[in-house]
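J.: Compute the structure for the input listed below.
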Amino acid sequence: MAQQPDVVLLGVSGNDVLRRIQPTTTTANITATLSKFKAADVPVVLIAQPYFSGSALFGKASDSPIYENIAESEAVPLYSNGWSKVLSDDDLKSDKIHANAAGYCHFTIGLHEYLQDKGWTR
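T.: Take a look at the predicted model:
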């Protein structure tokens, strides 16, 4: 028997920036994934990922603008700034591009609050 999830949390393509994959390709891949979930009538929350920018070199990460564009065009909710906040705080990172335990905790608490606000969880 197949299971139907209540919601899918889709936080993908963070490594696309490191691999220098074109944003149009990343957008197409995320959109195709969303289409599959929509066809199965599974709700999705898109999780924004940071991108490489000049400010990121100085410790100020920002969400890639593709996530806001995708969320708007595909009419899906977007959890934004979760990873960007974590990766902008040296106390929440284990290295320049990864969260440490405190960073994952910070991200998870923020995501949970977002999901509560949207009525996805108690």
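J.: so how far is the helix or strand containing L9 off the chain centroid?
T.: Using DSSP states H and E, L9 maps to strand 8-10. From the chain centre to the centre of strand 8-10 is a distance of 9 Å (CA atoms, centre = their mean, to the nearest Å).
J.: for it, packing partners?
T.: On a contact count with 3 or more CB pairs under 8 Å, 6 or more residues apart in numbering; DSSP states H and E, strand 8-10 meets helix 23-39, strand 44-47. For glycine as for every other residue, the C-beta is placed from the backbone atoms N, C-alpha and C.
J.: And the contacts of the last one?
T.: Residues from elsewhere that reach strand 44-47 (CB atoms under 8 Å, 6 or more residues apart in numbering): 7-11, 30, 34, 37-38, 67, 70-71, 74, 76-79, 82-83, 111, 114-115, 118, 120.
J.: rerun at 10 Å
T.: 5, 7-12, 14, 30, 33-34, 36-38, 63, 67-68, 70-71, 74, 76-80, 82-83, 107, 111, 114-115, 118, 120 (CB atoms under 10 Å, 6 or more residues apart in numbering).
J.: Point to the residue nearest the middle of the chain.
T.: Nearest residue to the geometric centre of the chain (CA atoms, centre = their mean): I47, 2.4 Å.
J.: for the closest residue to Y114 other than its chain neighbours, what are its contacts?
T.: Of all residues not flanking Y114 in the chain, Y79 sits nearest, at 4.9 Å (CB to CB, 6 or more residues apart in numbering). Shown in contact with Y79 (CB under 10 Å, 6+ apart): 9-11, 45-48, 63, 67, 71, 107, 110-111, 113-115, 118.
J.: What does Y79 show for phi and psi?
T.: phi -90, psi 110 (degrees, to the nearest 10).
J.: Give me the neighbour count for Y51.
T.: By other CB atoms under 10 Å, 20 other residues sit near Y51.
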